[in-house]
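Novice: Predicted model and sequence follow; I will ask about them next.
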Amino acid sequence: MKILVLNCGSSSVKFQLIDAKNHEALARGGVSKIGMPGALLTMDAPGKDHVKISGEILDHNIAIENILNLLVHEEFGVIKDKKEIEGIGHRIVHGGEYFSDSVIINDEVLKKIQDCIEYAPLHNPHNYKGITACKRILPGIPMVGVFDTAFHQQMPDYAYIYGIPYILYKRYGIRRYGFHGTSHYYVSRKARDLMDADIEKLNMITCHLGNGCSIAAINGGKSIDTSMGFTPLEGLLMGTRSGDLDPAIILQVMAREELTTAEAQTMLNKHSGLVGISGTSSDMRDIEERMEDGSKQAELALNVFCYRLKKYIGSYMAALGRVDALIFTGGIGENSDIVRRKTVEGLDGFGMKLDLKKNKNTRGEISEISYKDSQTKIFVIPTNEELVIAIDTAKLIN
Ligand code: AMP
């Protein structure tokens, strides 16, 4: 059963065509710089040449049309007819309190996704555009929405309510929602498989460390707390986002620098985090390289990143009581042995014993990187959000 998985951003569409039966990715790629000069369409498929086409791609409609044309292309394509696509799974960032699971997209669901735009103005409008584009281009093919927030919808109220007037929650839905849910879900299930245990009996801490970073406390398979909040800005230090900070800082800086709300948003979302502290790059590879070259600011950025993560792990140990597995995923979690080492350093006393050799040799693959006698198993597990979306889509349309 072939499922097209789409992740529509402001100027990009990422896609994968997945056979949901055997979990095989038949093709993957994306369109970048939509609506800008030098838009680029790329695709990789097993046994085929890498495809890279540049040109003008005005909007999401045209981007998705181009993707479909490439998928059925005589030489580079992987299917003969668009009709072979039996379902489309959309990654949707914010589902508010409406969605605690994936759903078939109908008019009512589409209206709710639109309602959630006010919670995620940077993301949901583009997810919405992707859905309406598919409705037009591939009419009749069932679509499913998979929400980044859904997995965290079972958090207890004391974990999601902020210490501000309760009326703001009632009036505007201001509460913690959490994101990266599909990734936290996937790696927790993979860890369960590796441990060959009943998910109901496991406590886990999952660290998704990519350009965006979040951590989740998972009790019996359910997310009971996570670091991202009302928006994906809260929590851990990220590539360009600040993560946690004293809210008074924003008011001070806005007043002193005479910033508008939009400028303050940009400062916190695009010029903070690793790039803000290091002054040079949001990319962990660059940070590590500069640190090796002696840059004190890069070292500080890395130290803040790991210390913040360690503090969150400590707080989730307290929330869970016992931790059976600590899992690293995302570009940084999967690849940076330095970040993993610095984060877990000193936690032996809490039952987390990192095998330094295994840690050093693990890059981008499934691996248990703790000692055999470590009370908490430590795993590196590459995430696969697209596969979860394809499986959920296939399940619902069946
Ligand atoms: P993602 O958003 O999951 O693609 O992750 C992107 C982040 O992963 C960037 O900060 C990259 O620098 C980081 N990353 C990817 N490969 C490595 C690596 N080999 N070592 C350190 N960080 C890496």
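Specialist: Sure thing, it's come through. Because the structure is a prediction, the values reported are computed rather than measured.
Novice: Contact partners for whichever residue of the stretch 1-150 of the chain sits closest to the ligand?
Specialist: As assessed by C-beta to the nearest ligand atom, the ligand sits closest to residue 14 within the stretch 1-150 of the chain, at 10.9 Å. Any C-beta I mention is one placed from the backbone N, CA and C, and that applies to glycine too. Residues near residue 14 by C-beta atoms under 8 Å, 6 or more residues apart in numbering: 6-7, 28-30.
Novice: Can you tell me the SS state at it?
Specialist: strand (DSSP: H, G, I helix; E, B strand; the rest coil).
Novice: Of the contacts of residue 14, which is the nearest to residue 189?
Specialist: Of all the contacts of residue 14, the one with the least separation from residue 189 (C-beta to C-beta) is residue 7, at 20.2 Å.
Novice: Next one: the closest one, what pLDDT does it get?
Specialist: On the pLDDT scale, residue 7 is placed at 96.
Novice: Surely it forms part of a strand?
Specialist: Yes - assessed by three-state DSSP, residue 7 belongs to a strand.
Novice: Of all residues in this structure, which one is nearest the centre?
Specialist: Nearest to the mean C-alpha position of the chain, by C-alpha atoms, centre = their mean, lies residue 180 at 3.8 Å.
Novice: Show the backbone phi and psi for that residue.
Specialist: The phi and psi torsions at residue 180 (degrees, to the nearest 10) take the values phi 60, psi 20.
Novice: and if you look at residue 368?
Specialist: phi -90, psi 120.
Novice: how much space between the residue lying closest to it once chain neighbours are set aside and the ligand?
Specialist: Using C-beta to C-beta, 6 or more residues apart in numbering and skipping the chain neighbours, the partner closest in space to residue 368 is residue 379 (5.6 Å). The gap separating residue 379 from the ligand is 16 Å, by C-beta to the nearest ligand atom, to the nearest Å.
Novice: any idea which helix or strand carries residue 379?
Specialist: According to DSSP states H and E, residue 379 maps onto strand 377-380.
Novice: what's the helix or strand just after that strand packed up against?
Specialist: As assigned by DSSP H and E, the chain's next helix or strand after strand 377-380 is helix 385-397. Judged by 3 or more C-beta pairs under 8 Å, 6 or more residues apart in numbering; DSSP states H and E, helix 385-397 is in contact with strand 2-8, strand 13-19, strand 24-32, strand 85-92, strand 103-104, strand 143-147, helix 181-195.
Novice: can you rerun that using 6 Å?
Specialist: With contacts defined as 3 or more C-beta pairs under 6 Å, 6 or more residues apart in numbering; DSSP states H and E, helix 385-397 has these neighbours: strand 2-8, strand 85-92, strand 143-147, helix 181-195.
Novice: strands paired with the shortest one, and their directions?
Specialist: Taking DSSP bridges as the criterion, strand 143-147 pairs within the sheet with strand 85-92 (parallel), strand 103-104 (antiparallel).
Novice: and of those, who's closest to residue 169?
Specialist: strand 85-92 (22.0 Å).
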